[in-house]
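Undergrad: one predicted model, sequence on top.
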Amino acid sequence: METIEITKPFNGHVHFRNGQMMKDVVPYTAQHYFGGVCMGNLPGDEVIDTIEKNLAYKGAILEIAPSFKAIVPLMVTQNLLANRKTIFPAAKKLGIRVYKFLPGGLSTNGSPGLSLYDFYTPAFREFFELLIENDCVFSCHFEVEFDTNGKKIDPRYQEEQAILFLQYLLRNFPKLKIMVEHASSWQMIHFIRNLPRKYRIGVTLAIHHASITFPMVINWRGKFVDSRLYCKPIAKYPKDREAVIEAMFSGDPRFFLGTDSAPHLLEAKIRKEKPAAGIFSDPISLQKYAELFDAHGKRKYFENFASIFGPEFYGLDPSKEKITLVKEAEKNPKLIAGIPVFLGGGETAWRVKN
Ligand code: NCD
Ligand code: ZN
């Protein structure tokens, strides 16, 4: 039987939610990943934008998975920006060094009233200076929803339009450590691959962006084909998918694993009015990455991508544990605790050895 043994991987981008859903999903991530960056875009007032909420949230994760190395970013909201001067020193003392920005309106529970255009405001500029002074990471969902005339940009082009804002950051804050979350367009990926190495940039790549394309999600009439595959950034075209896959196999340490596993209940995923964006992939994500690397004859790049480059970017030691995958087909679960699983009902050529 063919096997792959690698250092236990690190998930550079995952959503756990809170309450019962959190209890339901955390074990699926923790069984295959030794740690991860756990995003705090929780519903309503629960967005993790204060130290107290941050500590409580991390505590809740550790209660479910005590050995999971959870990095919990502070979410950039208007409240956090207003309190930036006091939050930074307090966060630093506690070792909180990642700040995440999810523009409002664009995806699930982002920061109301804020978009990438706000990068130009004095509050954001000062915030970027503080990030640099304190050697923190700015983790950002680079998509822009409206053009400068206030017209909505087609979701397929929202990421490439956001490259301008990344350029602005690199030009004005060249020392800023930037995490480009879930790059999904060939334009973004080529832009980053061509950047000089002096910039401190990391990029997570999601397995769904290496697997699906836009026409599998939305048809030529603009209607959903399968809203369970709807996520932000939306899946694009074969050329984009190729760019994602090539970056995974490039051996370039700027690109590493981050699943963006983002659970939503089936009702929310398939409702007619605005289905929720987000794909719950962690029950099968590692197996799918293994399948992809193996199918392309790129196994030798798998461990660095999955287990080494991510921890390195966040200043962590890689795991001391190993994990073994076996080339034996397994059915993907359809639903877990009412949450549809990525490619549920389908099959994956690799499984994790227990
Ligand atoms: C994420 C979620 O559901 O929390 N959704 C998604 O489509 N990726 C939020 C996000 O990362 O945009
Ligand atoms: Zn996400």
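TA: Nice, thanks for sending it over. Numbers count the residues shown, from 1 in each chain. Ligands and ions are numbered 1, 2, ... in the order given.

Undergrad: which residues of the stretch 201-350 of the chain lie near ligand 1?
TA: Cys231, Lys232, Asp260, Ala262, Ala277, Gly278 (CB under 6 Å from any ligand atom). For every residue, glycine as well, the C-beta is placed using N, CA and C.

Undergrad: now the residues you listed in a markdown table, with neighbour count and secondary structure?
TA: Putting those into a markdown table (neighbours: other CB atoms under 10 Å; DSSP: H, G, I helix; E, B strand; the rest coil) gives the following:
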| residue | neighbour count | secondary structure |
| --- | --- | --- |
| Cys231 | 26 | coil |
| Lys232 | 23 | coil |
| Asp260 | 29 | coil |
| Ala262 | 28 | coil |
| Ala277 | 19 | coil |
| Gly278 | 22 | coil |
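
Undergrad: contacts for the helix or strand harbouring Ile6 next, please.
TA: Here Ile6, judged by DSSP states H and E, is contained in strand 3-7. Contacts to strand 3-7, defined as CB atoms under 8 Å, 6 or more residues apart in numbering, come from residues 290, 294, 299, 302-303, 306-308, 318-319, 321-327, 350, 353.

Undergrad: which ones among these lie within strands?
TA: Lys322, Ile323, Thr324, Leu325, Val326 (DSSP state E).

Undergrad: can I get the buried part of the residues you listed as one PyMOL selection?
TA: In PyMOL syntax, the buried subset of those is picked out as below (16 or more other CB atoms under 10 Å):
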select buried, resi 323+325+326
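
Undergrad: how about the strands of the stretch 201-350 of the chain, start to end?
TA: 255-257, 322-326, 330-331, 335-336, 339-340, 347-348 (DSSP state E, counting those that start in this stretch).

Undergrad: show me how far the last one is from its chain's centre.
TA: In this case it means strand 347-348. 23 Å (CA atoms, centre = their mean, to the nearest Å).

Undergrad: re earlier: got the angle for the strand holding Ile6 vs strand 322-326?
TA: 160 degrees (axes from the mean of the first three to the mean of the last three CA atoms, to 10 degrees).

Undergrad: give the partner strands of strand 3-7 in its sheet and their orientations.
TA: Its sheet considered, strand 3-7 pairs with strand 322-326 (antiparallel) by DSSP bridges.

Undergrad: from the chain's centre, how far out does the strand it pairs with sit?
TA: Between the centre of strand 322-326 and the centre of its host chain there is 23 Å, according to CA atoms, centre = their mean.

Undergrad: can you pull out the helices in the stretch 1-150 of the chain?
TA: 19-30, 51-64, 78-82, 84-93, 122-133 (DSSP state H, counting those that start in this stretch).
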